[in-house]
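Chemist: coordinates only, no sequence provided:
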């Protein structure tokens, strides 16, 4: 299934894409799963059955797609997690995952605006594979980790590089409002053959800037879930952004920073295409 969150006028809901429409699961599952996090936590089987027999309730053209999980409890990001990206940044592969967090108010959905902040021009793109947790994970072994994955999505972990480099902590440069693109949907784990063998590309205004494979990850998804769950509880709807391939602006001379008017597209094999445009902060 391809699970989406949407707004239709003043109403918010979630559902599954079927053809050019949406099966409205927020209505069909009702009180059993009022939120998409409830759906992925325990109602995916029922949701799949509903989608299989239903005709769409809404046309995709009638709604605005939101981040697939609009309000994740945690957004955990992994830095320098691709070998070629670590090399372009002049860094050795780290002994443990490099971990930082994003706030939920940094997220924008597909076709939403990434906002170029007024106090920086060093705005960089980072296409990433996002992992969405479906079952609570605490002290999980690598061998059991994939059973906690609900599905996958595209992520744009756009970075304000000068703020990121003020200290050794990444948090400021990763948490400007409306700098994290997420979507267009969650593809459930049963539909992805191998998340460690996916082509990931990022285009900026039609020019390919990143062209990598998730096979280049230093720490694969089971290792990430095992490590993260060793210090925090991962809950349904939590998002792990698993790192970016080489080709970021910061690794080039001169850096081709994002500017207002750019169109940024992250496309991941078997997952989909996330498109955002860049606007200057008002």
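Modeler: Yep, it's here. Keep in mind that this is a model prediction, so the values were computed, not measured. Numbering: from 1, shown residues only.
Chemist: any idea how far the nearest residue to residue 244 once chain neighbours are set aside is from residue 190?
Modeler: Among residues not flanking residue 244 along the chain, residue 126 sits closest, at 3.9 Å (C-beta to C-beta, 6 or more residues apart in numbering). For every residue, glycine as well, the C-beta is placed using N, CA and C. Taking C-beta to C-beta, to the nearest Å as the measure, residue 126 falls 27 Å from residue 190.
Chemist: same check, this time on residue 225
Modeler: The gap separating residue 225 from residue 190 is 18 Å, by C-beta to C-beta.
Chemist: between these two, which has more neighbouring residues?
Modeler: The residue with more neighbours, out of residue 225 and residue 190, is residue 225; 24 against 10, by other C-beta atoms under 10 Å.
Chemist: settle this for me: the more buried one is touching residue 240, isn't it.
Modeler: Yes: using C-beta atoms under 8 Å, residue 225 is in contact with residue 240, at 7.4 Å.
Chemist: find residues that contact each of these two.
Modeler: Common neighbours of residue 225 and residue 240, using C-beta atoms under 8 Å, 6 or more residues apart in numbering, are 131, 133, 234.
Chemist: the nearest residue to the last one once chain neighbours are set aside: how many residues sit nearby?
Modeler: What sits nearest to residue 234 in space, not counting adjacent residues and going by C-beta to C-beta, 6+ apart, is residue 137, at 4.0 Å. Neighbourhood size, residue 137 [other C-beta under 10 Å]: 23.
Chemist: list phi and psi for residue 137.
Modeler: phi -130, psi 120 (degrees, to the nearest 10).
Chemist: I'd like the distance between it and residue 143.
Modeler: 13 Å.
Chemist: what's near enough to touch residue 86?
Modeler: With C-beta under 8 Å, 6+ apart, residue 86 has these contacts: 80, 92, 93, 94, 218.
Chemist: ditto for residue 5
Modeler: 12, 13, 14, 36, 65, 66, 67, 68, 69, 70, 109.
Chemist: neighbouring strands of the helix or strand containing it in the sheet, and parallel or not?
Modeler: Residue 5 is part of strand 2-8, with elements assigned from DSSP states H and E. In the sheet, strand 2-8 lines up against strand 11-18 (antiparallel), strand 64-66 (antiparallel), strand 180-188 (antiparallel) (DSSP bridges).
Chemist: pick the most deeply packed of those.
Modeler: Mean neighbours per residue, mean count of other C-beta atoms under 10 Å, is largest over those for strand 180-188, with a mean of 28.
Chemist: how far off centre is it?
Modeler: With C-alpha atoms, centre = their mean, to the nearest Å as the basis, strand 180-188 stands 6 Å off its chain's centre.
Chemist: kindly report the same for stretch 86-106.
Modeler: 15 Å.
Chemist: ends of that stretch, what's the gap?
Modeler: 25 Å (C-alpha to C-alpha, to the nearest Å).
Chemist: rounded mean pLDDT for that stretch, please.
Modeler: Model confidence over stretch 86-106, given as mean pLDDT, is 89.
Chemist: show me which residues of that stretch are buried.
Modeler: Neighbour counts over stretch 86-106 (16 or more other C-beta atoms under 10 Å) mark 86, 88, 97, 98, 99, 100, 102, 104, 106 as buried.
Chemist: farthest pair within these?
Modeler: For the buried residues of stretch 86-106, the farthest-apart pair by C-beta to C-beta is 88 and 104; their separation is 29.8 Å.
Chemist: how about the strands in the stretch 101-250 of the chain?
Modeler: 107-108, 113-116, 123-124, 127-133, 149-157, 159-160, 180-188, 199-204, 207-213, 239-241 (DSSP state E, counting those that start in this stretch).
Chemist: dump the ones you listed to CSV, plus distance to residue 32.
Modeler: As requested, the strands of the stretch 101-250 of the chain are arranged in CSV below (distance: least, C-beta to C-beta, whole Å):
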stretch, distance to residue 32
strand 107-108, 26
strand 113-116, 35
strand 123-124, 42
strand 127-133, 19
strand 149-157, 17
strand 159-160, 39
strand 180-188, 18
strand 199-204, 35
strand 207-213, 39
strand 239-241, 23
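Chemist: quick one: closest of the ones you listed to residue 262.
Modeler: strand 199-204 (5.5 Å).
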